[in-house]
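Trainee: model this:
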Amino acid sequence: MRKGGHNIVNELDMCRRRALEGGAYCRNDGCEVVGHLKDFKVCPQCKTARYCGAACQTSDWTTGGHKAICGTLGQT
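Mentor: Sure thing, here's the model as predicted:
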């Protein structure tokens, strides 16, 4: 235990749980899939957008507007 009575392990675990409960990592607006960030596929072109599967990626590409901004996201 650290000075001040904080248990850093419990605090980190609580932060991880909050992130998983409230974080929808799939970029597709209609998708409600929540999970670990590593389980989501990255857009091969811009490397920033993440999707839970091919269906969400296709949907976001055609109707979600990702096609219009994809080429500009990965550039710095």
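Trainee: contacts for the strand or helix carrying Ile69, please.
Mentor: Secondary-structure element containing Ile69, defined by DSSP states H and E: helix 66-73. Helix 66-73 has contacts (CB atoms under 8 Å, 6 or more residues apart in numbering) with 27, 43, 45-46, 48-49, 60-61. From N, CA and C alone the C-beta is placed, and that goes for glycine too.
Trainee: make a markdown table from these and add secondary structure, neighbour count and distance to His6 to it.
Mentor: Shown next, in a markdown table, are the contacts of helix 66-73 (DSSP: H, G, I helix; E, B strand; the rest coil; neighbours: other CB atoms under 10 Å; distance: CB to CB, whole Å):
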| residue | secondary structure | neighbour count | distance to His6 |
| --- | --- | --- | --- |
| Arg27 | coil | 18 | 35 |
| Cys43 | coil | 18 | 39 |
| Gln45 | coil | 14 | 43 |
| Cys46 | coil | 15 | 39 |
| Thr48 | coil | 12 | 34 |
| Ala49 | coil | 23 | 36 |
| Asp60 | helix | 22 | 41 |
| Trp61 | helix | 18 | 45 |
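Trainee: low-confidence stretches in the protein?
Mentor: Scanning the chain for pLDDT under 70 picks out 1-5, 15-24, 73-76.
Trainee: one more time with 90, if that's ok
Mentor: 1-40, 42, 44-50, 62-65, 67-76 (pLDDT under 90).
Trainee: where along the protein do the helices fall?
Mentor: Under the criterion DSSP state H, the chain contains helices at 8-22, 54-62, 66-73.
Trainee: so which of those helices is nearest Cys31?
Mentor: With CB to CB, the closest approach to Cys31 among the helices of the chain belongs to helix 54-62: 5.0 Å.
Trainee: report the buried residues of that closest one.
Mentor: Neighbour-count burial for helix 54-62 flags 56-57, 59-61 (criterion: 16 or more other CB atoms under 10 Å).
Trainee: reformat the contacts of helix 66-73 as JSON lines; add distance to Ile69.
Mentor: JSON lines is the format used below for the contacts of helix 66-73 (distance: CB to CB, whole Å):
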{"residue": "Arg27", "distance to Ile69": "11"}
{"residue": "Cys43", "distance to Ile69": "11"}
{"residue": "Gln45", "distance to Ile69": "11"}
{"residue": "Cys46", "distance to Ile69": "8"}
{"residue": "Thr48", "distance to Ile69": "10"}
{"residue": "Ala49", "distance to Ile69": "9"}
{"residue": "Asp60", "distance to Ile69": "11"}
{"residue": "Trp61", "distance to Ile69": "11"}
